[in-house]
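>>> got a predicted structure here, sequence first:
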Amino acid sequence: MTRVVISAGGREHCVEIPDSNLLACHVPPSVPAIPADRLPQVIRESLEEPIGSRGLGDLVGDGQTVAVIVDDWARPSCTRHAVAPVVLDLLNEGGISDERITVVMARGLALCPEVETIETAFGQGILGRKASVAISGYHPSQLTFLGYTSLGTPIWIDRTVVEADVVIGIGTVSPTPWGGWSGGSKIIAPGVAGAETIRQNHSVMMKIVPG
């Protein structure tokens, strides 16, 4: 038997699982945690000298408009509370004022929560400055049609994202039961895509063999 501790609902629950039924067991990461007071600097350094790309400051120019897409309120807050404020600071230093930046929360098909929930989700690192904030569009009037994919999926994307000169997506990456990973380019679809796009795209998962 293996004793597993599961954190849920603010409490820890101990479960004993027969070894023959255990498919995987969490192993603590070997990389030491970054002290909280150093985290902003580590994020900044990673954005200034990323792997396989120019630094963030070299990807934007004076006078451009920028859409910064972050995870929704149901996902880990690190993209909104830790990473996004550093991204906004670097954009400012690159000549992009807060007034030319919109932080868009990618909600997919999730219902819009109460105002208090939204404010907590964005956090003061974003709300405490002059950048605009928005929840990704759901109604067709808030979307732009960009054509069809090779599989026939109609592409409807949030208008603020489509019309921005530069789009920056910040999302967590985690395993998904459908196979592969969540995150990455999914910050666009389903993140800021319209309902018709999301439903058609997700239905394809049931028709095509993964891999």
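That came through, no problem.
>>> residues contacting the most centrally placed residue in the chain?
Nearest residue to the geometric centre of the chain (C-alpha atoms, centre = their mean): Gly171, 2.7 Å. The contact partners of Gly171, by C-beta atoms under 8 Å, 6 or more residues apart in numbering, come to Ile69, Val70, Asp71, Arg75, Thr79, Ala106, Gly183, Gly184, Lys186, Ile187, Gly191. The way it works is simple: take the backbone N, C-alpha and C, and place the C-beta from them, glycine included.
>>> how near is it to Ser185?
9 Å (C-beta to C-beta, to the nearest Å).
>>> all helices of this protein, in order?
Using DSSP state H, the helices of the chain run over residues 39-48, 78, 84-93, 115-122, 124-127, 159-163, 195-204.
>>> for Pro177, which of these is the nearest?
Across the helices of the chain, Pro177 has its closest neighbour in helix 195-204 (13.2 Å, C-beta to C-beta).
>>> helices or strands up against the closest one?
Counting contacts by 3 or more C-beta pairs under 8 Å, 6 or more residues apart in numbering; DSSP states H and E, helix 195-204 is packed against strand 154-158.
>>> can you give me the strands in this protein?
Using DSSP state E, the strands found in the chain span residues 2-8, 11-17, 66-70, 101-105, 132-135, 143-148, 154-158, 166-170, 174-175, 181-182.
>>> want to try JSON lines for these, with mean pLDDT as columns?
What follows is those, written out as JSON lines (pLDDT from 0 to 100):
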{"stretch": "strand 2-8", "mean pLDDT": "79"}
{"stretch": "strand 11-17", "mean pLDDT": "86"}
{"stretch": "strand 66-70", "mean pLDDT": "97"}
{"stretch": "strand 101-105", "mean pLDDT": "96"}
{"stretch": "strand 132-135", "mean pLDDT": "94"}
{"stretch": "strand 143-148", "mean pLDDT": "96"}
{"stretch": "strand 154-158", "mean pLDDT": "96"}
{"stretch": "strand 166-170", "mean pLDDT": "95"}
{"stretch": "strand 174-175", "mean pLDDT": "79"}
{"stretch": "strand 181-182", "mean pLDDT": "78"}
